[in-house]
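Engineer: build me a structure from this.
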Amino acid sequence: MIQQLTIPTPYAVGDVNAFLVKGDALSIFDAGPRTPEALEAIKVGLQQFGYKLEDVEQVILTHHHPDHSGWADGFPNAKLYGHSYNNLWLTRDPAFIAFHDQFYMERFKEQGVPEKALSIVGKMKRAADLMAERPLDVFLKEGDDLPGHPGWTALETLGHAQSHLSFWNPADNELIGGDLLLSKVSSNPLVEPPESPGLPRPKTLLQYNASLKRLLELPVETVYSGHGVPVKNVHELIKQRLQKQHERSMKVYDMLKVGPQSVFELTVQLFPTAYKRELGLTLSETLGQMDYLLDLGRVVRKTDEQGIHRYEQA
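Structural biologist: Numbering: from 1, shown residues only. Just a heads-up that it's a prediction; the model follows:
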C-alpha cells in the first residue's frame with residue numbers, strides 16, 4: 001500500500017507529496033524541502049501511520065529539486081537512493097557548481113538575454129539552500145529493480161529534471177511519478193546542465209515528451225504525483241497535455257512570421273510579466289518550444305555576429 005504524506009513548501013507550487021511504502025523495507029519516496037515546517041509535517045505524517053524517522057530504512061528520490069530532496073538526510077537509519085545526477089547537488093560538487101554557472105551564462109548569451117539581466121546566473125544556485133547535504137548511498141538507473149520492493153522497477157523519465165526517475169509497480173499498475181505528471185498543471189521541462197561539460201545541452205521538452213509517451217505504452221492506472229492528488233485518467237491526460245504543448249509551439253511558430261527572433265525576444269512576448277520575476281523558468285519554456293519546432297523541421301536557427309541564436313520559419 002502507498003501512503004501519502006503532504007508537506008508544506010515555501011514555493012508557489014504549494015504542498016509537495018512524499019510516499020511511504022512498506023515492503024521488505026520501509027521506504028519513503030521524496031523528502032520535502034529543508035524547512036522546519038516540512039520536517040514537522042514529515043514527523044506527523046509518519047506518526048499517523050505508526051512510524052518515526054528512525055524506522056525509515058530507505059529514502060528514494062524521484063529527483064533533486066529542493067521541494068523533493070530537502071530532508072533526504074533526515075532519516076538516521078536510512079540509505080539514500082536516486083539517479084546519479086542527484087549527487088552533483090547533494091554533495092555541492094565544486095566542479096559541477098562552476099560548470100553550472102558557466103553553462104547558464106553561455107546559454108543566456110545565446111538566447112539574447114541583456115547584459116544587465118545576466119546577474120541572475122549567480123542566484124540560480126539558491127535552490128541548493130533547501131536541499132539535503134549528503135551523498136547517495138546507491139545509484140539507481142533505468143531498469144533497476146527497486147531494493148526492498150520486489151517487482152518494482154526504476155524508469156528514467158527525464159525532462160522536468162535531469163535526475164528524474166519514476167517507479168513502476170506492474171502488479172498494481174501504479175507509478176510513483178514525482179513531477180512527471182501532475183493532475184492540475186503541466187510540469188515545466190527545466191533547462192539544466194548535463195552531468196559533465198563534455199555532454200550536449202539536454203533538450204528537455206523533447207525528453208519530457210518522450211517520458212510521457214513511455215507511460216502510454218504501460219497499463220498505468222494510477223500515478224502518485226509529487227503535487228496534488230493521484231492521477232487516474234493517466235493516458236487521457238497525457239494525450240491532452242501533449243496536444244496542448246503542440247498548440248503552444250505552433251503559437252510560437254506564428255510569432256516568427258515577422259522574422260528571425262531570439263529566445264529572449266520571444267519570451268518577453270509570451271510572458272510579458274512573468275519573465276521579469278521568473279526569467280530562468282520562462283526562458284526554459286521558450287527554448288523548449290524552439291527545440292520542438294526544430295525537431296519538427298518547422299524552424300531553422302542561425303547565429304548572428306554577437307553569438308545570439310535567432311530562429312525563423314523554415
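Engineer: only C-alpha atoms for contact and neighbour calcs from this point on.
Structural biologist: Will do.
Engineer: and the helices in the protein?
Structural biologist: For the chain, applying DSSP state H gives helices covering 36-48, 66-69, 85-90, 94-110, 120-123, 204-216, 234-255, 263-270, 274-277, 279-296.
Engineer: what's in contact with the third one?
Structural biologist: Right, the one you point to is helix 85-90. For helix 85-90, the surrounding residues in contact (C-alpha atoms under 8 Å, 6 or more residues apart in numbering) are 63-64, 93, 96, 128, 131-136, 162-163, 195.
Engineer: from the chain's centroid, how far away is that helix?
Structural biologist: A distance of 13 Å separates the C-alpha centroid of helix 85-90 from that of its chain, computed with C-alpha atoms, centre = their mean, to the nearest Å.
Engineer: distance of residue 258 from residue 252?
Structural biologist: Separation of residue 258 from residue 252 (C-alpha to C-alpha, to the nearest Å): 12 Å.
Engineer: got the contact list for the residue nearest to residue 183 when sequence neighbours are not counted?
Structural biologist: In space, and not counting its chain neighbours, residue 183 is closest to residue 231: 5.6 Å by C-alpha to C-alpha, 6 or more residues apart in numbering. Contact analysis of residue 231 by C-alpha under 8 Å, 6+ apart lists 181-183, 222-225.
Engineer: 7 Å instead, please
Structural biologist: 183, 222-224 (C-alpha atoms under 7 Å, 6 or more residues apart in numbering).
Engineer: so which of those comes closest to residue 271?
Structural biologist: Nearest to residue 271 out of the contacts of residue 231 is residue 183 (C-alpha to C-alpha; 23.1 Å).
Engineer: so residue 264 sits right up against residue 113, yeah?
Structural biologist: Yes. When contacts are counted by C-alpha atoms under 7 Å, residue 264 is listed as touching residue 113 (5.6 Å).
Engineer: looking at those two, which is more packed in?
Structural biologist: With neighbours defined as other C-alpha atoms under 10 Å, residue 264 and residue 113 compare such that residue 264 has more, 25 against 20.
Engineer: how far away is that one from residue 85?
Structural biologist: The gap separating residue 264 from residue 85 is 28 Å, by C-alpha to C-alpha.
Engineer: just residue 164 next, same as before
Structural biologist: Distance from residue 164 to residue 85, by C-alpha to C-alpha: 9 Å.
Engineer: neighbour count: those two, which is higher?
Structural biologist: Comparing residue 164 with residue 85 by neighbour count (other C-alpha under 10 Å), the higher total belongs to residue 164, at 27 against 19.
Engineer: got a list of what the more buried one touches?
Structural biologist: Contacts of residue 164 (C-alpha under 7 Å, 6+ apart): 62-63, 156-158.
Engineer: please apply the same query to residue 180.
Structural biologist: 160, 187.
Engineer: what segments of the stretch 101-250 of the chain are strands?
Structural biologist: 138-139, 153-156, 165-169, 174-178, 222-225 (DSSP state E, counting those that start in this stretch).
Engineer: distance to residue 29 for the ones you listed - can I get that in JSON lines?
Structural biologist: Below are those laid out as JSON lines (distance: least, C-alpha to C-alpha, whole Å):
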{"stretch": "strand 138-139", "distance to residue 29": "14"}
{"stretch": "strand 153-156", "distance to residue 29": "12"}
{"stretch": "strand 165-169", "distance to residue 29": "9"}
{"stretch": "strand 174-178", "distance to residue 29": "8"}
{"stretch": "strand 222-225", "distance to residue 29": "10"}
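Engineer: which one of these lies closest to residue 296?
Structural biologist: strand 153-156 (24.0 Å).
Engineer: and that closest one, C-alpha only, in PDB?
Structural biologist: The C-alpha atoms that make up strand 153-156 are tabulated as PDB, following Å, rounded to 0.1, in the frame of the first residue of the first chain:
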ATOM      1  CA  THR A 153      11.300  -1.000 -11.400                       C
ATOM      2  CA  ALA A 154      13.100   2.300 -11.800                       C
ATOM      3  CA  LEU A 155      12.200   4.200 -15.000                       C
ATOM      4  CA  GLU A 156      14.400   7.100 -16.200                       C
END
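Engineer: which strands or helices does it pack on?
Structural biologist: Contacts defined by 3 or more C-alpha pairs under 7 Å, 6 or more residues apart in numbering; DSSP states H and E place strand 153-156 against strand 165-169.
Engineer: end-to-end on stretch 106-122?
Structural biologist: 13 Å.
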